[in-house]
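Generate coordinates for the sequence data below:
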Amino acid sequence: MKLQCNDFEIVGQNYIVREDCDTKKRTSIQKKLKNIPCISIIILSIIIGGCLFSALIMTHDPTYMDLANTNVSPNKDFLFGTDSMGRDIFSMIWYGGKISLFIGLFATVISTFIGVIYGSISGTSSEIVDDIMMRFTEIVLSIPSILIIIFVQAILGNSNPISISIVIGITSWMNIAKIVRTEVRQIRNSEYILAAKTMGGNFFYVLYQHLLPNFIASIMFMVVTNIGSAIGTESTLSFLGIGLPIEIISWGSMLSLSEGALLQNLWWIILIPGVFLVTTLVCITNIGNYIRKNNNKKLSNL
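Predicted coordinates:
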């Protein structure tokens with residue numbers, strides 16, 4: 001007879017079994033804690049906290065151009081040095097981080113909203129409509145996203161954080177839409193969804209009440225990863241000279257000065273913003289991968 005772990009205490013000659021059960025529970029908890037990317041969460045929390053409370057951290061006005069102190073290497077007055085316009089890089093890092101994080105979050109909200117709506121419509125439509133919508137998605141995915149972003153940004157012209165976020169958001173929804181469409185097609189004929197439609201529930205009611213709770217866990221890792229992708233895309237656009245202007249401080253606009261810094265061997269102008277950007281992207285990627293693996297384990301146990 002196989003003994004199981006229960007809440008009551010086992011006495012007698014089989015008392016060792018209780019100890020084995022407790023050991024297994026502790027081991028299981030330790031494995032779960034071990035898999036959590038604690039270092040990435042802590043580092044990302046510090047960076048986000050520093051950006052949100054930048055006013056308490058900044059040592060200088062990040063927008064002030066001190067022409068008497070241009071290209072100064074890191075020292076006790078300018079902890080991270082100054083750029084070619086005399087602005088304090090330490091203050092710019094925390095002040096500009098808010099802009100970069102805003103772009104990442106706002107662009108992800110837009111892409112997630114479009115992807116959820118598009119994927120749900122495709123998943124609940126007829127075979128012909130679904131096939132047409134998915135072929136369109138695959139055509140858009142076959143085009144390098146950076147080319148689409150450059151094309152749309154060139155049409156819009158004037159750059160600001162909101163316009164950059166919109167451009168990135170409307171060009172990065174396709175992968176989320178494909179995941180949503182797959183999940184919706186698996187549950188669209190469930191009894192509770194058919195009952196909701198029969199009782200007069202419209203598309204958005206069914207989506208919010210029944211569809212969204214079933215696929216939200218499946219797309220969470222994509223949502224988190226898209227935040228990092230949007231921040232990286234903004235930096236790429238600024239590096240190419242078609243992103244945010246230099247006067248709008250972000251990690252990307254700070255890296256737009258890298259060409260001149262390389263020629264003059266001003267390593268701190270490139271290295272310090274680059275380290276913050278790469279560290280943030282790596283932390284976000286690690287957290288996204290943890291969410292994906294955790295979701296896959298839950299699905300495999302069903």
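
Show me the residue at the heart of this protein, geometrically.
To find the centre residue of the chain, average its C-alpha atoms and take the closest one (CA atoms, centre = their mean): that gives residue 227, at 2.3 Å.

Is that one located within a strand, as I assumed?
No: when classified by DSSP: H, G, I helix; E, B strand; the rest coil, residue 227 is found to be helix rather than part of a strand.

That one against residue 287, yeah?
No: if you go by CB atoms under 8 Å, residue 227 and residue 287 don't touch, sitting 9.6 Å apart. Every residue, glycine included, has its C-beta placed from N, CA and C.

Common neighbours of these two, please.
Counting by CB atoms under 8 Å, 6 or more residues apart in numbering, no residue touches both residue 227 and residue 287.

can you give me the helices for this structure?
16-35, 38-52, 54-57, 89-124, 127-142, 145-156, 161-169, 174-187, 191-198, 203-206, 212-240, 251-255, 258-263, 267-300 (DSSP state H).

Around residue 154, how many other residues sit close by?
Neighbouring residues of residue 154 were enumerated by other CB atoms under 10 Å; the total is 9.

Likewise for the one 4 residues further on?
Other residues near residue 158 number 7, with proximity taken as other CB under 10 Å.

Same question for residue 121.
Residue crowding around residue 121 was assessed by other CB under 10 Å; the count is 18.

In contact with it, which residues?
Neighbouring residues of residue 121 by CB under 8 Å, 6+ apart: 133, 203.

and it, how far is that from residue 151?
Residue 121 sits 25 Å away from residue 151, going by CB to CB, to the nearest Å.

So which of the helices of the chain has the densest surroundings on average?
Among the helices of the chain, helix 251-255 has the highest mean neighbour count (mean count of other CB atoms under 10 Å), at a mean of 25.

what helices or strands is that one leaning on?
helix 89-124, helix 212-240, helix 267-300 (3 or more CB pairs under 8 Å, 6 or more residues apart in numbering; DSSP states H and E).

Nearest to residue 42, out of these?
Between residue 42 and those, the tightest spacing by CB to CB is seen for helix 267-300, at 8.9 Å.

Quick one: list the elements packing against the closest one.
Counting contacts by 3+ CB pairs under 8 Å, 6+ apart, helix 267-300 is packed against helix 16-35, helix 38-52, helix 89-124, helix 212-240, helix 251-255, helix 258-263.

between that helix and helix 38-52, how many degrees?
Angle of helix 267-300 versus helix 38-52, following axes from the mean of the first three to the mean of the last three CA atoms, to 10 degrees, is 130 degrees.

Let me know the angle separating helix 267-300 from helix 212-240.
Angular relation of helix 267-300 and helix 212-240 on a 0 to 180 degree scale: 160 degrees, by the same axes, to 10 degrees.

quick one: low-confidence parts of the stretch 201-302 of the chain?
296-302 (pLDDT under 70).

Make TSV out of the helices and strands packed on helix 251-255 and add distance to residue 246.
As requested, those are exported to TSV (distance: least, CB to CB, whole Å):
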stretch	distance to residue 246
helix 89-124	11
helix 212-240	9
helix 267-300	12
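
and of those helices, who's closest to residue 145?
Shortest separation from residue 145 across the helices and strands packed on helix 251-255 is recorded for helix 212-240, at 7.7 Å, computed as CB to CB.

Now do the same for stretch 120-138: mean pLDDT, whole number.
In this model, stretch 120-138 has an average pLDDT of 88.

before we move on, the earlier item: which of the helices and strands packed on helix 251-255 sits closest to residue 71?
Comparing those against residue 71 with CB to CB, the closest turns out to be helix 267-300 (7.7 Å).

mind saving the C-alpha coords of stretch 73-92 as PDB?
As requested, C-alpha coordinates have been extracted for stretch 73-92 and formatted as PDB (Å, rounded to 0.1, in the frame of the first residue of the first chain):
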ATOM      1  CA  SER A  73      35.800  62.000 -18.300                       C
ATOM      2  CA  PRO A  74      34.100  60.500 -15.200                       C
ATOM      3  CA  ASN A  75      35.200  62.300 -12.000                       C
ATOM      4  CA  LYS A  76      33.800  63.300  -8.600                       C
ATOM      5  CA  ASP A  77      31.800  66.200 -10.000                       C
ATOM      6  CA  PHE A  78      30.500  64.300 -13.100                       C
ATOM      7  CA  LEU A  79      30.200  60.700 -12.000                       C
ATOM      8  CA  PHE A  80      29.700  59.300 -15.500                       C
ATOM      9  CA  GLY A  81      31.400  62.200 -17.300                       C
ATOM     10  CA  THR A  82      29.800  64.600 -19.800                       C
ATOM     11  CA  ASP A  83      28.900  64.400 -23.500                       C
ATOM     12  CA  SER A  84      30.000  66.600 -26.400                       C
ATOM     13  CA  MET A  85      27.400  69.200 -25.300                       C
ATOM     14  CA  GLY A  86      28.500  69.400 -21.700                       C
ATOM     15  CA  ARG A  87      25.400  67.500 -20.300                       C
ATOM     16  CA  ASP A  88      25.900  65.300 -17.200                       C
ATOM     17  CA  ILE A  89      25.600  61.700 -18.300                       C
ATOM     18  CA  PHE A  90      24.800  60.400 -14.800                       C
ATOM     19  CA  SER A  91      21.700  62.600 -14.700                       C
ATOM     20  CA  MET A  92      20.800  61.900 -18.300                       C
END
